[in-house]
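# mind folding the following:
(one chain, ligands or ions: 3)
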Amino acid sequence: MYRSQKLAVRYFVAAVALFGVMIIAGLLSALYYLHPSLLFDVFNFNMAKIFHIDTLVIWLLMGFMGAVYWFLPQELGREVEGIWLAEILFYVFCAAVAVVSVVFIFVQYGGSNEFSLWFINQGRKYVEAPRWAAVGIVVVVLTFVYNVVATCIKARRMTGILWVLVLDLIPLTLLYLDAFPALTNMSTDLYWWWWLVHMWVEGTWEVLIGCIMAWALMDVMGTSRRIVETWLYIEVMLVLGTGILGLGHHYFWIGTPQYWLSIGGFFSALEPLPLLGMVVHAIYDAGAHHMKTNNRPAFYWILAEAFGNFIGAGMFGFMMTLPQINLFSHGTQWTVSHGHFAFWGAYGCGVIAILYIAKQKISGVNFLDGRAWKWGFGLLNFGLIGMVGGLLIAGIAQAFYERAIGGSTLMAFMAGQENPWFVSGMYARMGFGLIFAAGYVVLVYDLLSAGKHAPKSAVKTQAP
Ligand code: HEM
Ligand code: HEM
Ligand SMILES: [Fe+2]
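Ligands and ions are numbered 1, 2, ... in the order given. Modelled structure (predicted):
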């Protein structure tokens with residue numbers, strides 16, 4: 001195994017641990033909806049939610065970086081350039097996450113001044129980490145970019161997937177700088193903040209996971225490079241063609257000019273196309289190889305990624321992306337339902353597929369299967385779909401009772417929160433969240449034990 005792959009495994013371990021913290025913070029956040037005075041003034045909802053969504057971003061980023069450190073040396077047949085620096089920065093990264101967590105738990109908030117921005121909280125949703133830590137993340141990511149680019153240069157070889165990856169890392173890094181400015185006009189602030197959130201998840205992250213899934217498909221099913229690269233180009237063109245101006249679907253009601261209603265509505269309505277392309281691609285590959293694979297868990301998680309991305313991001317996003325509907329659904333639990341399905345489908349499932357690919361190589365088995373992964377797969381996906389369903393019902397109740405009937409007044413908001421459909425949705429989310437958490441426990445158990453008892457020498461490829 002390359003040193004870079006050993007580093008990848010460390011990233012995977014950190015990612016899975018943070019995934020666990022994210023679930024605990026999610027369950028806690030859900031509990032406030034059932035007991036609003038829970039931990040009042042000790043640890044309020046806002047802090048639990050910050051924990052939940054910041055760890056989400058970090059575990060996924062760590063998963064992506066791990067995946068690239070895993071596949072890059074394999075792709076170029078050589079060790080990653082400057083790997084020692086990346087190894088050091090991994091610990092710096094983990095230490096920074098730990099320090100920020102302590103601050104978020106014990107300090108929580110400060111005055112509205114520069115000190116708070118630098119040391120407590122930058123205040124931008126999903127990227128709340130204080131400025132010193134945000135600078136640290138920039139350094140870690142720049143090192144990562146250096147590792148990738150320098151390795152390609154040293155190897156004097158580029159593949160199609162690597163070209164897409166390297167070009168994608170430029171906007172991916174630049175957009176993060178958008179976490180920094182502290183603007184006092186809320187409309188202007190949101191205007192720029194969406195460049196980060198939307199362009200990441202509906203642009204650069206989609207391209208990145210496309211590259212990672214291309215490698216994964218070659219690994220797990222032996223798909224030919226020509227096929228995965230052709231699909232990758234098509235998907236990337238469509239993602240960028242629809243996603244960039246699709247940004248407009250966040251500009252409907254924040255004080256931006258009216259033309260965004262049509263631009264955002266039109267382009268974002270086309271955004272499901274590339275995601276449908278990914279599903280067709282995965283099915284095409286699976287069919288072409290008669291569903292044959294040597295790593296069943298990875299294979300199923302790749303399929304879950306393709307479908308989850310299309311349904312969670314594409315279809316659930318499409319449902320509320322036209323301004324005529326978004327007028328009623330904006331900022332309700334409907335949005336939360338889409339947010340969970342999309343992040344899970346597009347990115348969570350993809351990272352888990354890579355964990356199983358690494359698992360297979362580490363345990364040295366030619367064929368990875370078993371029973372536990374199926375339970376993990378089933379509980380996690382069943383739990384998530386249940387949560388998403390509960391949230392959708394709660395969101396639709398809000399759209400009807402609070403917005404359409406109540407006219408969006410404060411009283412209507414309160415009536416919406418007390419509506420039985422809304423309340424049942426919150427209970428459903430809690431129950432299915434617990435099932436999801438059980439799935440996580442099985443996943444961790446399986447990752448630690450899978451492959452132990454499988455024969456190491458027998459070359460075996462089976463149809464799932
Ligand atoms: C046990 C499982 C989980 C529970 C109980 C849970 C619960 C919650 C709660 C209560 C919120 C706050 C919603 C609000 O502001 O009203 C939230 C937000 C969020 N969660 Fe989760 N969550 C879980 C798992 C996940 C997973 C697996 C992901 C993604 C992979 C995720 C991504 C998000 C995102 C993106 C938000 C922000 C949504 C928004 O503000 O629109 N969560 N979650
Ligand atoms: C992997 C891709 C995607 C992810 C991870 C994702 C995630 C999210 C999240 C977390 C939010 C809530 C943001 C917030 O207010 O905090 C959101 C909002 C939204 N997303 Fe997506 N999304 C994805 C793709 C899409 C696509 C393809 C569409 C359209 C077809 C879409 C349409 C929307 C719309 C219209 C909103 C605003 C909802 C509102 O007004 O409250 N999303 N998305
Ligand atoms: Fe968006």
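# got the residues of the protein near ligand 2?
125, 201-202, 249-250, 268, 271-272, 313-314, 317-318, 320-321, 326, 330-331, 335, 338-339, 342-343, 346 (C-beta under 6 Å from any ligand atom). Using the backbone N, CA and C atoms, a C-beta is placed for each residue, glycine as well.
# of those residues, just the buried ones, ChimeraX syntax please.
Buried members of those, defined by 16 or more other C-beta atoms under 10 Å, are picked up in ChimeraX with:
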select :201,202,249,250,268,271,272,313,314,317,318,320,321,326,330,335,338,339,342,343,346
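# what about ligand 3: which of the residues of the chain next to ligand 2 touch it?
Glu202 (C-beta under 5 Å from the ion).
# just the element for whichever residue of the chain sits closest to ligand 3, please.
Proximity of the chain to ligand 3 (C-beta to the ion) peaks at His198, 3.8 Å away. His198 is part of helix 186-199, with elements assigned from DSSP states H and E.
# got the residues of the stretch 51-200 of the chain near ligand 1?
Within the stretch 51-200 of the chain, the positions adjacent to ligand 1 are 52-53, 56 by C-beta under 6 Å from any ligand atom.
# if we can go back for a sec, measure the residue of the chain closest to ligand 3 to Ser268 for me?
9 Å (C-beta to C-beta, to the nearest Å).
# do Met213 as well
Noted for Met213: a distance of 22 Å to Ser268, by C-beta to C-beta.
# next, count neighbours for Trp260.
The tally of other residues near Trp260 (other C-beta atoms under 10 Å) stands at 19.
# that one should be in a strand, yeah?
No. Inclusion of Trp260 in a strand is not indicated when DSSP: H, G, I helix; E, B strand; the rest coil is applied; the result is helix.
# spit out the contact partners of it.
248, 251-252 (C-beta atoms under 8 Å, 6 or more residues apart in numbering).
# and of these, the nearest to ligand 2?
Phe252 (7.1 Å; C-beta to the nearest ligand atom).
# does Ile435 touch Gly378 like I think?
No. Contact criterion C-beta atoms under 8 Å: Ile435 and Gly378 do not qualify, at 9.6 Å.
# neighbour count for those two, which is higher?
Ile435 (17 against 13).
# distance of that one from Ile385?
From Ile435 to Ile385 the distance is 10 Å (C-beta to C-beta).
# now Leu167
35 Å.
# show me which of those two is the more surrounded one.
Ile385 (18 against 13).
# so what's that one up against?
341, 432.
# the helix or strand hosting Ser116: which residues count as buried?
Here Ser116 sits within helix 114-119, counting by DSSP H and E. Buried residues in helix 114-119, counted by 16+ other C-beta under 10 Å: 116-118.
# so where's the chain uncertain?
By pLDDT under 70, the low-scoring segments of the chain are 450-464.
# what's near enough to touch the residue nearest to Gln398 when sequence neighbours are not counted?
Leaving aside its chain neighbours, Gln398 sits nearest to Thr332 (4.0 Å; criterion: C-beta to C-beta, 6 or more residues apart in numbering). Shown in contact with Thr332 (C-beta under 8 Å, 6+ apart): 394-395, 398-399, 402-403.
# can you redo these as JSON lines with secondary structure, neighbour count and distance to Thr293?
Shown next, in JSON lines, are those (DSSP: H, G, I helix; E, B strand; the rest coil; neighbours: other C-beta atoms under 10 Å; distance: C-beta to C-beta, whole Å):
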{"residue": "Ala394", "secondary structure": "helix", "neighbour count": "28", "distance to Thr293": "38"}
{"residue": "Gly395", "secondary structure": "helix", "neighbour count": "26", "distance to Thr293": "37"}
{"residue": "Gln398", "secondary structure": "helix", "neighbour count": "28", "distance to Thr293": "43"}
{"residue": "Ala399", "secondary structure": "helix", "neighbour count": "22", "distance to Thr293": "42"}
{"residue": "Glu402", "secondary structure": "helix", "neighbour count": "24", "distance to Thr293": "47"}
{"residue": "Arg403", "secondary structure": "helix", "neighbour count": "19", "distance to Thr293": "47"}
